[in-house]
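**Student:** How does the following fold in three dimensions:
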Amino acid sequence: MVDLLKFLATYEVLIYIVLAIGGMFSFRWLFRSWREWRVAVFSLEREFSLRRLGRSTLISFLIVLFFCFEFSLTSFVLPGLPSDFFLVTPTLDLISTPTGTLSADMMTQFANQPGSIQPNASGCTPGQLEVTFPGPGEEIKGVIELTGTVNIPNFGFYKYEVAPNGSSTWATIAAGTSVVVDASLGRWDTTALTPGDYQLRLVVIDNQGTSLPPCIVPVQVIPNQ
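**Tutor:** Numbering: from 1, shown residues only. All right, here's what the predicted structure looks like:
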């Protein structure tokens, strides 16, 4: 339904042009059918003329009806809708226990962006948005299970991302669609990452599509030995 309304609003001018062209032909057909019916003498001729008149009348009526519908929708209905009407809660291809790895290209890009680690987490709110494992500055390796909390009003979904420390290039690891309270957020396979300092970012989006300030935790990936 939302997609249909967006289409009617986006292509309003084009729809009016198509309706105008269609209306011109249908009304011309209607007029000619009506004139033929008026001058018809024989019963069979009048019957054929009446059929054409009925079809042309129906088509003309439908065009006028759709024109009125489009005009009313775009002029009165859509402007009165709340601003968040067309914001649909994002739907990702998620699984109940999300897992994910980064592409080889992203690994190469990360490897070329070293940085110095920051000792403290930032943007985290206990009880609402926080990562409890790994902790700030903690050394990690292999496949780990992230734990924490994502529990906000009007919850939509969450995702967790990684970037080399000091970089603004974030890569999404995985995401989830359920509220989590001091439990597993998902898994993270760090084996493809070059050992070094990274930032783990937990992002939550509400059901209006608005991203809240993220919880960022610095971690250190060590060789998987």
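
**Student:** By mean pLDDT, flag the weakest helix or strand of the chain.
**Tutor:** The helix or strand of the chain with the poorest confidence is helix 104-111; it has a mean of 53 (mean pLDDT, DSSP states H and E).

**Student:** immediately after that helix, which helix or strand?
**Tutor:** strand 129-133 (DSSP states H and E).

**Student:** Keeping just the C-alphas, turn that following strand into PDB.
**Tutor:** The C-alpha trace of strand 129-133 is given here as PDB (Å, rounded to 0.1, in the frame of the first residue of the first chain):
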ATOM      1  CA  LEU A 129      22.800   0.200  24.300                       C
ATOM      2  CA  GLU A 130      26.000  -1.400  25.400                       C
ATOM      3  CA  VAL A 131      28.500  -4.100  24.600                       C
ATOM      4  CA  THR A 132      29.600  -6.100  27.600                       C
ATOM      5  CA  PHE A 133      31.900  -8.500  25.700                       C
END
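
**Student:** average model confidence for that strand?
**Tutor:** Mean per-residue pLDDT for strand 129-133: 93.

**Student:** tell me what it is packed against?
**Tutor:** Under the contact definition 3 or more C-beta pairs under 8 Å, 6 or more residues apart in numbering; DSSP states H and E, strand 129-133 sits against strand 143-150, strand 196-206, strand 215-221. Every residue, glycine included, has its C-beta placed from N, CA and C.

**Student:** Name the surrounding residues that touch the shortest one.
**Tutor:** Which is strand 215-221. Residues outside strand 215-221 that contact it (C-beta atoms under 8 Å, 6 or more residues apart in numbering) are 117-125, 129-131, 134-141, 148, 165, 190, 193-202.

**Student:** Restricting to C-alpha, output that strand in CSV.
**Tutor:** What follows is strand 215-221, C-alpha atoms only, in CSV (Å, rounded to 0.1, in the frame of the first residue of the first chain):
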residue,chain,number,x,y,z
CYS,A,215,28.2,2.5,21.2
ILE,A,216,31.8,2.2,20.1
VAL,A,217,34.2,-0.2,21.9
PRO,A,218,38.0,-0.3,21.0
VAL,A,219,39.4,-3.8,20.8
GLN,A,220,42.6,-5.5,19.8
VAL,A,221,42.6,-8.4,17.4
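
**Student:** per-residue confidence averaged over that strand?
**Tutor:** Mean per-residue pLDDT for strand 215-221: 94.

**Student:** With the longest one instead?
**Tutor:** Regarding strand 196-206, the rounded mean pLDDT is 93.

**Student:** how many degrees apart are that strand and strand 143-150 in direction?
**Tutor:** For strand 196-206 against strand 143-150, the angle by axes from the mean of the first three to the mean of the last three C-alpha atoms, to 10 degrees is 40 degrees.
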